[in-house]
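Chemist: Sequence and predicted structure below; questions after.
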Amino acid sequence: MTEMMTTDVRAIMDRTPFDASAVADLREVLNRDPSRYRTLRDAVSTIRDREKKEPSGTPESFLRLGVGEVLLGRYSAGLVCLKNAGDLGMALYFQGLAYENLQKYAEAAAAFAQSAKLGYDARNSELRRAGALRRLGRMEVADGKVEAGLAKVEEAKKILEGLEKTVGSSAEYHFQRGAILAAEGDLEPAAAELEKALSLDRDHNGALFELAYINDLYGNDDAAVDFYKRCTERPPVPLAAWINLGVLYEDEMKFREAEQCYRHVLEHDPNHPRARLFVKDCQASKGMYYDEEAEKGYTVLKQLLEIPVTDFELSVRSRNCLRKMNIRTLGDLTRTTEAALLASKNFGETSLAEIKEMMRSKGVRLGMALEGAERGGPGGVDHRSEPVQEVSPEVQAMLSKPISELSLSVRARKCMSKLNLQTVGDLTKRSGDDLLECKNFGVTSLNEVRDKLGALGLKLKND
């Protein structure tokens, strides 16, 4: 059976004519057994070698290679071949898929429009065009071209409305509907539409990606990782899926797996700026120095602070006072001041001296845990107490914008969420050092935030 499938893939790639039915058969074989992608890779390599030795130069030979490369996720190489295939509907459709995965949505929309016009899978081409327009619209809104961007999203909606009667029960239709709802912030109905898409096609990459993204936004990291992993199991894989999965792996301190994700992106786009920077971040994280002695010291201190006060030989008066103040452990005492103890009824200097001596013998002291906050340690900075400066109405409107309008990367956005930063104004009250304290937020993400604020004429605190 395995050998027959191998032969099928090679035979389909060499079929004449190489038309829509050939591609449909090829996809059926690949969906039935994803391991056949290896056979497809070998078949494409064989055809390419054959063309080098005896160039036919025919549109169909370029079409075979282009379709094979796109199905394997090698979008740039696929585009080169498909552009040489001429104005064939299939060539334009697969150009659209390649452009879409390379995030060149204007080119994708134009290619899908042409493939529909030439009659290649016209309804699916139109559904794909709606998706490209939606993504292009979102990009333009993020770039400040709000009116033009919203117009493209509306155009995408109209395309879907026109197709509802004919393809309203297809997985691709439900995916496109769900994606538009997600873009508008209606995440619950969006998830319902995406689940419908998966019930019709459990391997629909677009639906898997959008559900992963929604779960990522809600902080459901385990579900997000599962959806992203499923999305990457069958080519062609959206490059953004590898990037986002890598970021989630970094959050789990799985730097080796994260680096592998970014390297998958670089295999298809060696100059991908974010993937190149994230690989460097992973390599730096894997090589970080681990201070074993410091870790042991922390463990010993933690155990010490958990010792109950009843384990010490204190006077009855001191023990009664501590019980009334609900001080149960040595750690509780490090979070209590001398003044607080002396304010307790029947607690005097003698009892205070007794407790201070007991704590000194253990190497700790009253109020010790509070000192980090007073010096600006974790939880010690109250940004709400900063003086309010007079700003113009224009600047105030800019500061009131939600952070989501900055269109930050997943990594940077997760940091904003962890720090509970809701508006651009909240962000400008934080310094670069504040942000770098956030887990997995590095110099790359910091520079991204500075660039986004700089485009608005704003900057971080102390910059």
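Modeler: All right, it came through fine.
Chemist: Now do the contacts for residue 102.
Modeler: Counting by CB atoms under 8 Å, 6 or more residues apart in numbering, residue 102 makes contact with 75, 76, 239, 269. For glycine as for every other residue, the C-beta is placed from the backbone atoms N, C-alpha and C.
Chemist: Pipe those into JSON lines and attach pLDDT, neighbour count and distance to residue 67 per row.
Modeler: Formatted as JSON lines, the contacts of residue 102 follow (pLDDT from 0 to 100; neighbours: other CB atoms under 10 Å; distance: CB to CB, whole Å):
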{"residue": "75", "pLDDT": "90", "neighbour count": "22", "distance to residue 67": "12"}
{"residue": "76", "pLDDT": "90", "neighbour count": "13", "distance to residue 67": "15"}
{"residue": "239", "pLDDT": "85", "neighbour count": "21", "distance to residue 67": "19"}
{"residue": "269", "pLDDT": "80", "neighbour count": "17", "distance to residue 67": "20"}
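Chemist: Report back the residue of this protein that's furthest from centre.
Modeler: In terms of distance from the mean C-alpha position of the chain, residue 350 ranks first, at 58.9 Å (CA atoms, centre = their mean).
Chemist: what packs against the host helix or strand of it?
Modeler: Per DSSP states H and E: residue 350 is located in helix 349-361. Counting contacts by 3 or more CB pairs under 8 Å, 6 or more residues apart in numbering; DSSP states H and E, helix 349-361 is packed against helix 316-324, helix 330-334, helix 338-342.
Chemist: Confirm residue 174 sits in a helix?
Modeler: Yes - using DSSP: H, G, I helix; E, B strand; the rest coil, the assignment for residue 174 is a helix.
Chemist: Out of the helices and strands packed on helix 349-361, which gets nearest to residue 306?
Modeler: helix 330-334 (6.4 Å; CB to CB).
Chemist: List of residues touching that closest one?
Modeler: 304-307, 309, 322, 326-327, 355, 359, 362, 364-370.
Chemist: CA atoms only for it - export them in CSV, please.
Modeler: Output of helix 330-334 as CSV, limited to C-alpha atoms (Å, rounded to 0.1, in the frame of the first residue of the first chain):
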residue,chain,number,x,y,z
LEU,A,330,9.6,33.8,60.5
GLY,A,331,8.7,35.1,57.1
ASP,A,332,5.7,37.0,58.5
LEU,A,333,8.1,38.7,61.0
THR,A,334,10.3,39.9,58.1
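Chemist: the strands in the stretch 251-400 of the chain, which residues?
Modeler: Read by DSSP state E, counting those that start in this stretch, the stretch 251-400 of the chain holds no strands at all.
Chemist: Any stretches of it with poor pLDDT?
Modeler: For the stretch 251-400 of the chain, residues meeting the criterion pLDDT under 70 lie at 286-299, 343-345, 370-395.
Chemist: Give the burial count for residue 187, as a bare number.
Modeler: The tally of other residues near residue 187 (other CB atoms under 10 Å) stands at 17.
Chemist: which one is it nearest to, not counting chain neighbours?
Modeler: In this structure, residue 187 finds its nearest non-sequential neighbour in residue 214, 5.5 Å apart by CB to CB, 6 or more residues apart in numbering.
Chemist: Check which residues of stretch 197-208 are buried.
Modeler: Of all the residues in stretch 197-208, those buried under the rule 16 or more other CB atoms under 10 Å are 197, 198, 201, 204, 205, 206, 207, 208.
Chemist: same question but for stretch 361-372, I mixed them up
Modeler: 364, 366, 368, 369.
Chemist: Which one of those residues is nearest to residue 419?
Modeler: Nearest to residue 419 among the buried residues of stretch 361-372: residue 369, at 22.4 Å, using CB to CB.
Chemist: Residue 335 is in contact with the closest one, correct?
Modeler: Yes - under the criterion of CB atoms under 8 Å, residue 369 makes contact with residue 335 at 4.6 Å.
Chemist: mind giving me the domain split of this structure?
Modeler: 168-237, 239-288, 292-371, 394-455 (automatic domain parsing).
Chemist: State the separation between the third one and the centre of the chain it belongs to.
Modeler: If I follow you right, that is domain 292-371. Its chain's C-alpha centre and that of domain 292-371 lie 45 Å apart, by CA atoms, centre = their mean, to the nearest Å.
Chemist: As a check, name the ranges of all helices in the stretch 351-463 of the chain.
Modeler: Secondary structure of the stretch 351-463 of the chain (DSSP state H, counting those that start in this stretch): helices at 371-374, 393-399, 410-418, 424-428, 432-436, 443-455.
Chemist: Figure out which of those helices is closest to residue 34.
Modeler: Residue 34 lies closest, by CB to CB, to one member of those: helix 410-418, at 26.2 Å.
Chemist: in the closest one, what's buried?
Modeler: 410, 411, 412, 413, 414, 415, 416.
Chemist: Please tell me how far the closest residue to residue 129 other than its chain neighbours sits from residue 120.
Modeler: Distance criterion CB to CB, 6+ apart; nearest residue to residue 129, sequence neighbours excluded, is residue 112 at 3.9 Å. With the distance defined as CB to CB, to the nearest Å, residue 112 ends up 10 Å from residue 120.
Chemist: Touching both of those two, which residues are there?
Modeler: 92, 93.
Chemist: if you count what's nearby, which of those two comes out ahead?
Modeler: The residue with more neighbours, out of residue 112 and residue 120, is residue 112; 30 against 21, by other CB under 10 Å.
Chemist: residue contacts, the residue nearest to residue 129?
Modeler: 92, 93, 96, 125, 126, 128, 129, 132.
Chemist: ok, and the most crowded of those residues?
Modeler: Result: residue 96 is most packed of those (other CB under 10 Å), 29 neighbours.
Chemist: Helix or strand: which one has it?
Modeler: Here residue 96 is assigned to helix 89-101, by DSSP H and E.
Chemist: again with residue 52
Modeler: Counting by DSSP H and E, residue 52 is part of helix 36-53.
Chemist: so how far is that helix from its chain's centroid?
Modeler: 34 Å.
Chemist: what's around the closest residue to residue 157 other than its chain neighbours, how many residues?
Modeler: Closest residue in space to residue 157, ignoring its immediate chain neighbours: residue 180 at 6.3 Å, by CB to CB, 6+ apart. If you count neighbours by other CB under 10 Å, residue 180 ends up with 21.
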